[in-house]
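Here's my sequence, what's the structure:
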Amino acid sequence: MANKQAKDNLNYIQKAAVLLMSLETHSPGVAARIFSEIGEKRSKELIRAITDIGKVDYPVVNSILEEFYSLAIEQKMVFGGKNVSKKILEDSFGIQEQDEYFQDKSGVLSFLNRVPDDSLLNYFSNENDQLVAMCLSHMQDDDMARLMSKMSVDRSSRLSQAILNLEVPSYTLVWRFHHYLQEKLLGKKVDDKIKDQHQIFKLSRALEMMSQESRDKVMELLRQSDQDAVDKLERLIFSFEDLEQIDSIHIQNILYEIDPLRLLAVSMVNLPDSFKTVINDNVSDRVALMLQEEIDTLPEDISEDEVQSARNEIVRIARRLELEGKVDLSVPEHHTS
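Numbers count the residues shown, from 1 in each chain. Down below sits the predicted model:
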């Protein structure tokens with residue numbers, strides 16, 4: 001009875017926090033995936049609850065699990081506190097200092113309601129629909145409606161469609177964009193260290209999309225003036241060629257996600273035999289036969305741009321799986337040339 005009373009004293013956010021702590025303990029990384037789905041506002045409430053709850057005894061955890069899932073768990077207790085919430089913040093949002101995060105009572109991009117309409121409209125006029133739709137989706141309904149009423153019918157129509165089909169990127173990237181836009185529109189200075197890290201991160205993702213030959217040329221030119229930046233970039237960049245070096249279980253998970261199979265076939269054009277062997281060794285015999293059929297039907301004059309585009313798409317798949325906690329893209333003695 002006492003355990004039921006202890007459980008009943010928790011509100012629904014606290015119960016959800018206990019459930020999430022239990023899931024994270026059993027399956028590290030699951031919290032980051034859940035937060036990427038439920039959004040920044042609800043995630044913030046859960047993280048705050050996890051920080052405040054601390055230790056939860058097994059009977060209470062078990063009672064909550066039965067209430068939500070009618071399941072039992074084996075461990076005797078789960079732990080919250082700052083260490084857990086700090087890790088979740090870093091994994092989900094890329095935020096290092098949670099105290100600073102919670103001092104900000106508003107959410108991501110909420111500062112937009114302080115920007116004059118003329119300034120926002122001027123900025124939006126030079127940006128693509130997807131980015132503007134993401135900004136609008138984080139604003140109050142009245143503010144969004146007012147801004148869209150000041151746009152052309154064609155633009156507001158396109159933005160309405162973009163909002164309906166909006167695919168929000170990881171909140172790590174959204175949070176970085178928050179800092180960038182805050183400085184641009186409000187003139188609020190972002191710490192140089194944060195800004196430099198963001199620029200390095202942004203450049204690393206751009207370099208990932210280049211062919212190895214082009215990337216090596218850029219890195220060599222950069223090395224002549226900024227070796228420190230090159231060292232940081234080399235640690236961040238994951239290229240298509242790095243697939244050959246990662247553990248088998250992770251390359252298998254990536255290969256499994258590639259659809260259609262023609263995408264993989266195109267990416268393998270002009271690959272070294274050793275790399276082709278790694279790919280064939282990490283797919284089933286049936287998939288290997290289907291893959292060979294796709295390779296055999298490729299045109300002889302396939303362009304380098306199409307090959308690079310296929311490789312870039314596979315890198316994007318790998319990065320998505322990394323964000324979901326399904327693969328580890330670290331490679332031994334990582335370098336780009």
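
Give the closest residue to Gln14 in space, chain neighbours not counted.
Ala49 (5.2 Å; C-beta to C-beta, 6 or more residues apart in numbering). Quick note: C-beta positions are derived from backbone N, CA and C, even for glycine.

Tell me which residues touch the one you found, please.
By C-beta atoms under 8 Å, 6 or more residues apart in numbering, the residues touching Ala49 are Ile13, Gln14, Ala16, Ala17.

Which of the helices or strands spans it?
In the assignment (DSSP states H and E), Ala49 maps to helix 40-53.

returning to that earlier point: in terms of pLDDT, where does the residue nearest to Gln14 sit?
Listed pLDDT for Ala49 reads 79.

Look up phi and psi at Pro116.
In terms of degrees, to the nearest 10, the main-chain angles of Pro116 are phi -60, psi 150.

okay, the helix holding Ala49 in CSV with CA atoms only?
Only the C-alpha atoms of helix 40-53 are listed here, as CSV (Å, rounded to 0.1, in the frame of the first residue of the first chain):
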residue,chain,number,x,y,z
GLU,A,40,12.3,20.1,-27.1
LYS,A,41,9.5,21.4,-24.8
ARG,A,42,8.4,18.0,-23.5
SER,A,43,12.0,16.8,-23.4
LYS,A,44,12.9,19.7,-21.2
GLU,A,45,10.2,18.8,-18.7
LEU,A,46,11.3,15.2,-18.5
ILE,A,47,15.0,16.2,-18.1
ARG,A,48,14.1,18.5,-15.3
ALA,A,49,12.0,15.8,-13.6
ILE,A,50,14.9,13.3,-13.9
THR,A,51,17.3,15.8,-12.3
ASP,A,52,14.9,16.4,-9.4
ILE,A,53,13.8,12.8,-8.7
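
in stretch 283-290, what counts as buried?
Val283, Val287 (16 or more other C-beta atoms under 10 Å).

mind checking how far it is from the chain centre?
Taking C-alpha atoms, centre = their mean, to the nearest Å, one finds stretch 283-290 lying 30 Å from the centre of the chain it belongs to.

I'd like to know how far Phe111 sits from Asp118.
The gap separating Phe111 from Asp118 is 16 Å, by C-beta to C-beta, to the nearest Å.

Please say which of these two ends up with more neighbours.
Neighbours were counted for Phe111 and for Asp118 using other C-beta atoms under 10 Å; Phe111 has more, 17 against 9.

Need the nearest residue in space to the more buried one, chain neighbours excluded.
Using C-beta to C-beta, 6+ apart, the closest residue to Phe111 is Gln182 (5.5 Å).

Ramachandran angles for the one you found?
Torsion angles, degrees, to the nearest 10, at Gln182: phi -60, psi -40.

Wait, it touches Leu112, no?
No. Between Gln182 and Leu112 there is no contact under C-beta atoms under 8 Å: 9.1 Å.

Mind checking which of these two has more residues around it?
With neighbours defined as other C-beta under 10 Å, Gln182 and Leu112 compare such that Leu112 has more, 21 against 18.

That one in helix, strand or coil?
helix (DSSP: H, G, I helix; E, B strand; the rest coil).

contacting residues for it?
By C-beta under 8 Å, 6+ apart, the neighbours of Leu112 are Leu120, Cys135, His138, Met139, Asp143, Leu181, Leu185.
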